[in-house]
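Participant: Give me a model of this one.
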Amino acid sequence: MGNVAASGGVQVRRRPPAVDERLTRPRRLVRELPDLDAGRLRRLIRTGDLAPCFDPAEDASAGLTEECPICFFFYPSLNRSRCCGKGICTECFLQLMPSEASKLVHCPFCKTKAYAIEYQGAQMTSGKEIKQEGEPNVNETKPSVFI
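Facilitator: Model prediction:
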């Protein structure tokens, strides 16, 4: 998942950057997650398959420019939904995931069944600008309807 690079026909596994131990543990969970496997979570973060549990900022002035649309905090980078590419922080993602007793979770953004994410690392600034230019402004494309 993004950790393998081809080099002259030979696949070379890239080592993800070292992650501080404190960033492998969620600290802002709203509800207790009884079936959270802390070892698996730590492993997914350390292998680069899941974004670290970064310290959030309340505004973008700290140089953290990606805003989680669920908690509205800013982070250095976010996980991306596989279906629509929207960003979400690890702690919000953990709270959306189903417990052993619940059904599959739908994407909170596009409602696709079987919500899944991937972590691609920090986005380059130019990539963010290109993405923002390509996304239509909702207020421009259709009027707001309040019932």
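
Participant: dump the residue contacts of residue 82.
Facilitator: 116-118 (C-beta atoms under 8 Å, 6 or more residues apart in numbering). For every residue, glycine as well, the C-beta is placed using N, CA and C.

Participant: Throw the residues you listed into JSON lines and include distance to residue 25, thanks.
Facilitator: Formatted as JSON lines, these follow (distance: C-beta to C-beta, whole Å):
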{"residue": "116", "distance to residue 25": "22"}
{"residue": "117", "distance to residue 25": "19"}
{"residue": "118", "distance to residue 25": "21"}
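
Participant: Flag the least confident of those.
Facilitator: For those, the weakest pLDDT value sits at residue 116, with 88.

Participant: nearest spatial neighbour of that one, skipping sequence neighbours?
Facilitator: Leaving aside its sequence neighbours, residue 116 sits nearest to residue 82 (C-beta to C-beta, 6 or more residues apart in numbering; 4.9 Å).

Participant: And residue 86, by the same measure?
Facilitator: Counting by C-beta to C-beta, 6+ apart, residue 109 is the residue found nearest to residue 86 once chain neighbours are left out, at 4.3 Å.

Participant: how many neighbours does that neighbour have?
Facilitator: 16 (other C-beta atoms under 10 Å).

Participant: So it versus residue 81, what's the distance?
Facilitator: To residue 81, residue 109 is 6 Å away according to C-beta to C-beta, to the nearest Å.

Participant: again, but for residue 68
Facilitator: In terms of C-beta to C-beta, residue 68 sits 12 Å off from residue 81.

Participant: which neighbours do the two share?
Facilitator: By C-beta under 8 Å, 6+ apart, the residues touching both residue 68 and residue 81 are 87-88.

Participant: in terms of contact, does the residue nearest to residue 86 touch residue 80 like I think?
Facilitator: No. Applying C-beta atoms under 8 Å as the test, residue 109 and residue 80 come out as separate, 10.6 Å apart.

Participant: ok so, going back, contacts only, for the residue nearest to residue 86.
Facilitator: 69, 81, 83-84, 86.
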